[in-house]
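S.K.: prediction below, plus the sequence it came from.
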Amino acid sequence: MHALTNTAFLQALGYAIANSLWQMALLWILLVLVFGIVKMNAANKYRLAVFAQTLGCLWFAFTLQFYYLQCNDALKQSNEFISHQHFNVMLPYAGSNLQSSCLNFMLNAERLLPYLSAAYLLLLSF
């Protein structure tokens with residue numbers, strides 16, 4: 001299972017899926033606002049909705065590419081540190097304040113991203 005969690009693509013896909021939630025929500029809110037403000041016929045509403053979906057898909061692709069490059073660089077650096085036997089590990093503070101709780105939650109959620117990405121790809125195959 002270590003090979004699954006140590007892939008830049010699955011990590012980047014997890015980040016891209018998580019970011020696509022707020023990205024598509026933002027596009028949807030903008031679309032609803034435009035539909036509410038500007039009177040359009042059905043054909044123009046359809047064209048604008050298709051444009052928003054296409055824009056969301058392109059935004060997802062750019063986000064995936066960005067995070068893939070970031071994760072790939074991070075994996076190369078971590079492998080370089082391991083090969084030089086530099087084992088400095090950043091451990092989160094185990095306090096009970098809100099900041100440390102949020103940090104621990106984010107670190108634990110980040111560990112799940114490759115598994116969620118693999119499940120997403122598995123669901124897409126059916």
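M.R.: Nice, thanks for sending it over.

S.K.: which one is T63 nearest to, not counting chain neighbours?
M.R.: Computed as C-beta to C-beta, 6 or more residues apart in numbering, the closest residue to T63 that is not its neighbour in sequence is A16, at 4.5 Å. Glycine gets a C-beta too; all of them are placed from N, C-alpha and C.

S.K.: show me the contacts for the one you found.
M.R.: By C-beta atoms under 8 Å, 6 or more residues apart in numbering, A16 lies in contact with 60, 63-64, 67.

S.K.: redo that, cut-off 10 Å
M.R.: Residues in contact with A16 (C-beta atoms under 10 Å, 6 or more residues apart in numbering) are 23, 59-68, 113, 117.

S.K.: of these, which belong to strands?
M.R.: If you go by DSSP state E, the contacts of A16 have nothing in strands.

S.K.: so which of these comes closest to S101?
M.R.: Nearest to S101 among these, counting by C-beta to C-beta, is L113 at 19.5 Å.

S.K.: wouldn't the closest one be in contact with Q11 here?
M.R.: Yes - with contact defined as C-beta atoms under 10 Å, L113 counts as touching Q11 (5.6 Å).

S.K.: and L113, how far from Y15?
M.R.: Taking C-beta to C-beta, to the nearest Å as the measure, L113 falls 7 Å from Y15.
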